[in-house]
Structure formats: C-alpha cells, structure tokens
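Colleague: Give the three-dimensional model of this entry:
(chains A and B)
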Amino acid sequence: MAEKPSFQAIIQILEQFWQKQGCVILQPLGLEVGAGTFHPQTFLKAIGPEPWSCVYVQPCRRPIDGRYGENPNRVQHYYQLQVILKPAPLNIQDLYLDSLRALNIDPLEHDIRFVEDNWASPTLGAWGLGWEVWQDGMEVSQFTYFQQAGGLDCVPVTGELTYGLERLAMYLQGVNNLFDIVWGENASGTVTYGDLFLQNEEEMSRYNFECADIPWLFQEFDHCESEGHRLLELNLVLPAYEMAIKASHAFNLLDARHAISISKRQSTILRLRTLAIEIAKRYYEGREQKGFPLLEKGRKGRQYVDL
Amino acid sequence: MLTCEDFLLEIGCEELPAGIQPVLIQALKKGFQVNLLENGLEHGTIHTYVTPRRLAILIEKLQEQMPARKIERKGPLLSLALDAQGAPTAVGLGFAKSCGVDFKALERMTTDKGDCLYYSREESGQRTTDLLPALCEKIIKVLPIAKSMRWGEGDVRFARPVHWIVLLFGKEVLPAHILGQKSDRLTYGHRFHHPQAISIAEPKQYERVLEKAYVIADAEKRRALIVRVSKEIAEMIKGEVLFNEDLLNEVTAIVEWPVPLLGQFDPYFLKIPYEALMLAMQHHQKTFSVQNKEGQLMPYFICVSNIDSRDPNEVVRGNERVINARLSDAKFFFDTDGKHSLAFMAKRLGEIIFYAHLGSLEDKANRIATLAECMADTLDLNREEAKRAGELCKADLVSDMVGEFPELQGIMGGYYAAHHETPAVAKAIAEHYRPRFAKDDLPASALGAVVAIADKLDTLVGIFAAGEIPKGDKDPFGLRRAVLGVLKIILARQWPLNLETLLEKTVDIYKKQAEHPSIALDKAFIQKIESKSLVKQIFDFMMERFRYHYLEEGVSVELFESVLAVKAREPHDFDLRLQAMKAFSQLPQSSALTAANKRVTRILEKEAKTLTEAKVQESLLVEAAEKALWQALEEKKKEVSVLCEVKKYAETLLKLVSLQPFIDDFFDNTMVMVDDEKLRKNRLALLWQLCQLLSAVADLSWL
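Modeller: Purely as a prediction, here's the structure:
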C-alpha cells in the first residue's frame, strides 16, 4: 500500500464511491443512537415500497462498550458509515467489494470473507439476514438484507452496508491502537483519534458506568415512551420516532449502570419495540396516504448533476 | 437397451451459512434419491458438492427414459355393462369413456364372479429430461431452510440470494426456471481468483473445471487439505494442532480454496484462563489453537484463509491483530472481575429472575445449596462444602467475563472461587453445568456431581410445576438433557440415590422456601404444587429418558421393560439389574426359567389377579411336588434376599434357575384349580410367593 488514507479520507472515498453508485450523501442524525440503522433515513425508509439509496456517517454511542480509553479496540463512541440500497441490487456484493478496492484493499492480497451474521434489533422490531465481512479475520462491515422493519415485511428488500470506520482505519493505517488512528492534518499538524476522543472516552466511561443519574434516566425513559405514544395520537410520526430514539439511549445508559435487572430488561425492550412497531405502522399509513411519492420520483430519474 | 446420461444441478448463491450447508446438501441428495426411485429411474453413483457459494449434485448414468409400463383396468361385470340385447348400458359406456376409448375397443376378462370389461394399454415411459425440471423444483422447494430470505424486488425465498443455476443432462442444458434464475451451463469460480463465468460442457467435468478456477467443490477434500497442511505448519514450531470437530466443519464451510497460515499472539495473554483463550480463538475467530508436546497451549494459532494471497504476511498480520485485541478485551474483563470475590458477586443474584413464579437466581442458588447439603449427608461428603458450592454456583452470571462470553458460565466461577474458596468448592462450581451437550464430560469431582444433580433437579421440578413440559422438539429449558445428565452422573458415580426421594425432597425445599418471608418467589404458586402427582410426572419423564438412553445403547425394549416393571427407584440399582438381565438373557438356562415363570404368571393372571398378599399354610400342602417346591422356595428366598441386599443380581438369577425343575415338577404333578377351596387358595398363594421371588431382579414375563 503506497499511501495510508487518513480517517477523513476514508470517509470521503467511500462517500464518493457510493455517490457514483447513485446514493445521496446525507449527514448524521443529531441524536444519540446505538447504530446507524436508527437514522430515520434507514429505519423509516426501509418501510414500504418507495425506492431509496443513500450514504452517511453516523456517530454511535454504546455506553456499555466504554473502556475508559484503556482498551485499544473498544470505545463507547464511534463512527459507522452506512449505505442503504433499496431495492438491494443483485450485484450488491460486487459493489461492496468495489468500494473496498476504492480504498486500495486488494481482495487478492487480503482475505475477504462473508461470514454468516444475522442481524436483529429487538427494540426496532427489525431483522435481516446477511454477514459480517471479514478482512484478514477482522470484522470491517456488516451486510444485511432487511426482512422486517418495525414488524413490517420489507418489500422490496433493503440492503444495508455498515462500515466500522475505526476498524477499517486501523487496518488501512496499520495501527494497533484505535487512538493512534490519524484523523487528518490541520495547521498544527497531525490530528489523531486520541487527540479528539481520548478524554471523551475517559470521562464518558466514568459517566456511563459510575455517574449517570439512574432515577432521572428511568424518568426520562418513561417520559419519552409516553410522549412517543401521545405524539402518535397527534399523528406526529417523526417526533414520536425521536422520542423512541431518546428512550432507547436512556435504556442503554441504564444498562451500562447495571440498573436494569435481567428480568426487567426483557419487558423494557418490549416497551420500546411496541412503540417502534406503532411508529412503523403509522409511517407506512402516512406514506400510503400521500401515494408513496418517491415511487413516482424514481421513475422520473435524475435532474441534478453532482460536481 | 436403455441409454443413460450424467446429470448435474448446481445452485450458485451468495455465501451460505456454514451450519446449513451439510443439512441442505444431505436433503438435496435424499430428495433426488427418493424422487428418482418413485419414478422408477435407475442411476449410478450420486456425488454431492457444497461450498459457501454453491450446492451441487451430480448423478451418474441417469436413465434417459422412464421404463414403459402396462396400464390395466378391470371394468364392470358384463351383466351390468350390457343390456338384454347385448348393447352397452350407461355403466358400460361410462367405463369406456373413463378409459378414453370407444366401447368396441374394450376387451373381456374372466373373473370368478363372471366375465367383465377389461382395458389395457402400453404406456411408453416419460423422457427423463421432461421430468427433471419439475422434479428439481419440487425437491428444492422442500429443502429444510430454517431461516429463508427474500432479496431485491422478488419474492423467491432461499437461504441466501441465488445467482445462477447449472442444469445439465449429458451435454444438454435442461431449460428451466429455478429459484428465479434461468438454467444454463455457466458456473463461476472463486470469488476473487476466478470471477469469470466458466462453461461446463458435461457433468463429469464439474469438479475438475472448478478446481482450475480455485474452487475445491468437494467438502471432504477441503477438510482433508486443511487438516494436512495445518499439521505440517504446526510441526514447524514443534506443535500439535487442536482440531475441534465442529470448528473444522465450520472452517471447511467458509472457504472454497483453503490456505492455512500460522499466526502468533502475545505470550502475555497465556495468563487468561485456558477456556477463554480457546473460546476467543476457536469460536470467535475460527482459528485452530496449537499446543506443545507437553500439552500446554502455545502462543500460536492457525487461520485458514480463502485465498492464495499475493502477500500472506498481510493476512497473518491482520488475524494477529484481531486475536490480540480479543484477548486484550478478555484480559480486561478478567481483571475487572478479579477485583471482587465470587461471594460479593453472589449478592447480586437476587436481581435476576430465574423463572416467573420460581423466584430469583439467589433463591435458586439457595435451594441448590440445601439439596446439595442433603445429598452430601446421604453420600457421606462434606456438607459444608456442598452448601457453599451451591450458594456460589450461579454467582459468575453477573461477572463481566460471562456477560461477554456466556459459554464460560460455571468455568469462570471456578476460577474466581479459587481465590477464596476451598479447591473442592471451586471445582464443583466449575463443573456443575456438565454435561452441557450430548458428548460432554461429566463432573470429575464428587462435589461437582452433587451440585450438578441438585441444579438440574431444581430446574426440573420448578419448570415442570410451571407447566413448561417439553413437547416434540420444544424443550427451551433443556429438560431432556438435564434428566439424561442426572442419570449419567448417578450411573457413573454408582451412587445409591433414590430418584423419587430426591424429587420429593426438591419439592419440599421449594415449599420450605416459600414459607420464608424475605423470598421473592410466588408463594401461592409454590404452595399449590401437588407434590405427589408432580413427583410421579417427573419420575415418569425421567424413566422415558432412561429408556431412550438404554435403547441408544442397544438394550432391547423387553429387557428395559422387565426391569422398569419391578420399580427400581435408584438409577444405579436399575442399571445393575439391567446389566445382570442382559448377561442372563444370553445364558442357555434363561429360556427354561422364563418358560417356568410363564406357567406361574399365566395361572396367577387368570385366577389371582387381585392378589396382593398371600400366606402359605404348610399344613395344607399335600402333594409331594408342592411340598418340594415350597421347601425349595423357602430356601432360595433367604439366599436371594441376602444376594439382593448386596445387589448381586447375576448370582440371584442363577439361584432362581435352580427353582425351575421344582416348578415344572409342580405343574406336571399338581392340580392347582381343585374344588377344595382351601387347597386351591393355598396353592395359588404358593405360586404368588413364587412369582414374587422370581421377580426379585426383574419381571421375567417380559422376556
């Protein structure tokens, strides 16, 4: 490998690659989420018959994965690059492999493998079949054919590709510690992942595991859940969905605080799922009433040119 | 002379999950075997091929045409088919119509009821090529895919998206539409080494063509290659590969062109518990571990890549990085857990519900402790240690290590217990989930065996009480395995444990616990448990498993039933009786004794079915033969009772054999059903007592 791509370059290369494949480049959702799938441009767009293709980076938070910045591979805040292709084209695997080639990963040098990994999000009432993609034994992407979202069958099937950007960067840059990843350069010189996030990991891990206010989080969870149902009554589907996302993060924090017993865990997940399923149903109905506008648009084709 | 051709079907798809590959290919083969047989089509050897990206079946010398067959139909009697004038009736015309011919074309046939109409024709066999497409579709449709999927915009379902179908009969493509794809002769080689299409001229080229395209289609050959090369690599570092059968199957199923490579990890991580190391390497990373000649784990692993890499070092480096990262994570959890004692962790068990009505895991642990303590008394083991091991056996469920690697439950508890508890307690905790699967080891220590039994019985009683009885393939709590585990442990230990007593005790412990004010279990529910019927229900369930266990071992149903009939409540005792019976049934004397026994039981069944107790009055014994039998009976009774006391069942059976001439003599010379009621009753009593004695080991009437 001649030159090692910076973290920011990896993002740019992948976004450009997928843009050329007909994806629109989006920006992250401004809420705490555990995975890029929670972005409404994935979860909601996977519902119903309307075609959709996009690419975006999503910062993700999984409080329980925090390691106080002491573990070279695990952090509670990281980035996913998410690609959505709906319907999933028959050559989607080849497209994905081409995206790796765009990163100068040569599948004749590196051992690229599709290893069974079936994805399910109990809180979103969603599941799909697919693989984790291994590169020389390291999981660098998740590849899923959505079968259900919000309890609804996905027709047509959405293909979701999720790149673990830190893993990919560690790989491409040949570093063994996540905090040594080179993010890019600025006027002061090289900026590493550690420069940006080490303090964040130290402090957020303490917050997540030791200091987060448990009674308040329980309240927040309850409040967001009931707000979600109330907003649905007012036919405010997207605000209701935001409430579901907030409740989900409160749940994750409580989980990190070991505040949810195993028995209660199941029922709590069920409450989130019930809300998500209701949201999905309402979203579908709303789009149906509007006549699934993107179906029509898809037929008209391209009108703008990206330079 | 029928001609034949080779047949080939290949389903090309995206990477199939490893676990279903053998299932699918077996089902495909079976499907063809059954369907070809049904259609009377003969064929030669069937070859199957399976890789992550293809399922294929090659059938040699498949008959080109189905055999011709004669269609025959017998019609109505002429008396019904013809009227008085000899003209066809509606019945006669109806038959002709159903055969699709004119009435005149029908023949006559003589039967013993009179002459009737008769129709026959030769049907030439259908061409195999006409039959095959539909046959393939039919077979594929019923393949057992537990999780099937749709893809793109279609509604076809399969395990993964399908990309191509090869369907050849000899040199010809059979036109068909299968799983959304049009059949062709084009296959594809290795995803990276040979992505281009390859045309297959005829079936027998299949394997060779693919091998040139970097695909070893035969799973057995891939497997053998992985084993051979891995061994060679390990020898270079004077190591031995730890081949785990399941892992080997899985690795074989995720490569088309296996290239084993040697990698290293930081020796510092050898401090992590062995089981965690193995789990990270084998289960998560799908690599083989290596040990030295002394049997110690070496800081090496073998990963099997799927390409002939331009730079294998890159592949190795990547794998090393992942293994080191995983082990560093495991080390983090291990160290974090190490900050607390197991007893400290146990305090958090109260938060975790075991099962709805049955309280928390803390409640469960306490019950296990009580039952283990009680068993320790019976078995003369250290009761304090039994209790302690029971209390702590579930504590590691709240540890970070088990949270991350659930497969290590129990094992981690054993490691953590080693800091503060006695070695016996630590070992018992580590072993108490065993046996976890069919061929798993049993607990190696006595205390481990006690806690393992106590844990399983507690689950059995609780879950049965809650009505979650296993049905068909639904056994979410693994109760069948638990029962088999209990039985196997008791047999291996030769412990004199009475199942009924143990079950009663377990129910008792639940009830006692429900009386305690501070416990979180559903008291009303527990109080309602009807002990007697529950114990019987579980006992019967356990015996069913016992039967299954013995039948698997080749014991006959009759032998099993003969022992079951005498109500042996101790598995060990049951086993001794069964083994004695098994050996005895091979002896020449056995048939004479069972025949004698039959004479006894036959008459008792007829005349004294309801007899439960019967005394013989010596003064009423008149015939020489009955006196002799009585005397022999009295003598043997004592000997048998002594032998049974020490469970010498083989010897017991031999003693019983010596009664046989007396029994035969009795029946030959004595009339049982005489008019004199006193004599009759006395003789029946004699036979009843004899019958009791003959059943000292097993109910011989089953043989």
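Colleague: CA only for contacts and neighbour counts going forward, please
Modeller: Noted.
Colleague: Around chain A, which positions in the stretch 151-300 of chain B sit nearby?
Modeller: Counting by CA under 8 Å from any CA of the partner chain, the stretch 151-300 of chain B comes close to chain A at B:151-154, B:163, B:192-193, B:254, B:285.
Colleague: Only the buried subset of those, as a PyMOL command please.
Modeller: Listed next is the PyMOL selection for buried residues among those, using 16 or more other CA atoms under 10 Å in any protein chain shown:
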select buried, chain B and resi 151+152+153+163+192+193+254+285
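Colleague: Just the ones of the residues of the stretch 151-300 of chain B next to chain A in strands?
Modeller: Mapping these onto strands (DSSP state E) picks out B:His163.
Colleague: Out of the residues of the stretch 151-300 of chain B next to chain A, which comes closest to A:Val75?
Modeller: Here the nearest of these to A:Val75, counting by CA to CA, is B:Gln285; it sits at 20.4 Å.
Colleague: give me every residue that touches the closest residue to that closest one other than its chain neighbours.
Modeller: Counting by CA to CA, 6 or more residues apart in numbering or on different chains, B:Gln285 lies nearest to A:Gly137, which is 6.8 Å off, once chain neighbours are set aside. Residues in contact with A:Gly137 (CA atoms under 8 Å, 6 or more residues apart in numbering or on different chains) are A:111, B:285, B:315, B:318-319, B:322.
Colleague: could the residues you listed go into a markdown table alongside secondary structure, distance to A:Phe209 and pLDDT?
Modeller: Converted to a markdown table, the contacts of A:Gly137 look like this (DSSP: H, G, I helix; E, B strand; the rest coil; distance: CA to CA, whole Å; pLDDT from 0 to 100):
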| residue | secondary structure | distance to A:Phe209 | pLDDT |
| --- | --- | --- | --- |
| A:Asp111 | coil | 37 | 96 |
| B:Gln285 | coil | 29 | 91 |
| B:Val315 | helix | 37 | 95 |
| B:Gly318 | helix | 32 | 91 |
| B:Asn319 | helix | 31 | 94 |
| B:Val322 | helix | 26 | 89 |
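Colleague: Now rank those by neighbours and give me the top one.
Modeller: B:Asn319 (29 neighbours; other CA atoms under 10 Å in any protein chain shown).
Colleague: mind checking how far it is from chain A?
Modeller: B:Asn319 is 5 Å from chain A, where distance means CA to the nearest CA, to the nearest Å.
Colleague: What of B:Leu41?
Modeller: In terms of CA to the nearest CA, B:Leu41 sits 37 Å off from chain A.
Colleague: quick one, what contacts that residue?
Modeller: With contact taken as CA under 8 Å, 6+ apart, B:Leu41 is in contact with B:62-63, B:65-67.
Colleague: Need the phi and psi values for it.
Modeller: phi -90, psi 120 (degrees, to the nearest 10).
Colleague: Model confidence score at it, please.
Modeller: What the model reports for B:Leu41 is a pLDDT of 89.
Colleague: A:Gly301 now?
Modeller: On the pLDDT scale, A:Gly301 is placed at 53.
Colleague: Lowest-confidence entry in the residues of the stretch 151-300 of chain B next to chain A?
Modeller: B:Gly154 (85).
Colleague: is it true that that one touches A:Pro156?
Modeller: Yes - at 7.4 Å, B:Gly154 counts as touching A:Pro156 under the criterion of CA atoms under 8 Å.
Colleague: May I see the contacts of B:Leu41 organised as a markdown table, with pLDDT and neighbour count added?
Modeller: Shown next, in a markdown table, are the contacts of B:Leu41 (pLDDT from 0 to 100; neighbours: other CA atoms under 10 Å in any protein chain shown):
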| residue | pLDDT | neighbour count |
| --- | --- | --- |
| B:Leu62 | 93 | 22 |
| B:Gln63 | 90 | 22 |
| B:Gln65 | 84 | 20 |
| B:Met66 | 81 | 19 |
| B:Pro67 | 78 | 16 |
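Colleague: so of the residues you listed, which ones are in strands?
Modeller: B:62-63.
Colleague: Out of the contacts of B:Leu41, flag the one nearest to chain A.
Modeller: B:Leu62 (34.1 Å; CA to the nearest CA).
Colleague: wait, what's in contact with that closest one?
Modeller: Contacts of B:Leu62 (CA under 8 Å, 6+ apart): B:4-7, B:41-44.
Colleague: Most neighbours among the residues you listed, please name it.
Modeller: Among the contacts of B:Leu62, B:Phe7 has the most neighbours (other CA under 10 Å), with 27 neighbours.
Colleague: tell me the phi and psi of the closest residue to it other than its chain neighbours?
Modeller: Among residues not flanking B:Phe7 along the chain, B:Phe169 sits closest, at 4.6 Å (CA to CA, 6+ apart). Backbone dihedrals for B:Phe169, given as degrees, to the nearest 10, come out at phi -120, psi 110.
Colleague: any idea how far B:Phe169 lies from B:Tyr300?
Modeller: 49 Å (CA to CA, to the nearest Å).
Colleague: For the host helix or strand of B:Cys644, report the contacting residues that lie outside it.
Modeller: Element membership of B:Cys644 [criterion: DSSP states H and E] is helix B:624-645. Helix B:624-645 is contacted from outside by B:621, B:649, B:651-652, B:655-656, B:659, B:662-663, B:665-666, B:669-670, B:683, B:686, B:690, B:693, B:696-697, using CA under 8 Å, 6+ apart.
Colleague: what mean pLDDT would you report for the very next helix or strand once past that helix?
Modeller: Using DSSP H and E, the helix or strand that follows helix B:624-645 in sequence is helix B:649-657. Summarised as a single mean, pLDDT over helix B:649-657 is 91.
Colleague: What are the contacting residues of the helix or strand following helix B:649-657?
Modeller: Going down the chain from helix B:649-657, the next helix or strand is helix B:660-669, by DSSP H and E. For helix B:660-669, the external contacting residues (CA under 8 Å, 6+ apart) are B:592-593, B:596, B:625-626, B:628-629, B:632.
Colleague: Out of these, which is nearest to chain A?
Modeller: Nearest to chain A out of the contacts of helix B:660-669 is B:Leu593 (CA to the nearest CA; 60.3 Å).
Colleague: Are we agreed that the closest one is in a strand?
Modeller: No - according to DSSP: H, G, I helix; E, B strand; the rest coil, the state of B:Leu593 is helix, so it is not within a strand.
Colleague: What residues does the stretch 1-150 of chain A have near chain B?
Modeller: A:71-73, A:86-90, A:107-116, A:129, A:135-138, A:145, A:147.
Colleague: Could you identify the buried members of those?
Modeller: When the residues of the stretch 1-150 of chain A next to chain B are checked for burial by 16+ other CA under 10 Å, the buried set is A:71-73, A:86-89, A:107-116, A:129, A:135-138, A:145, A:147.
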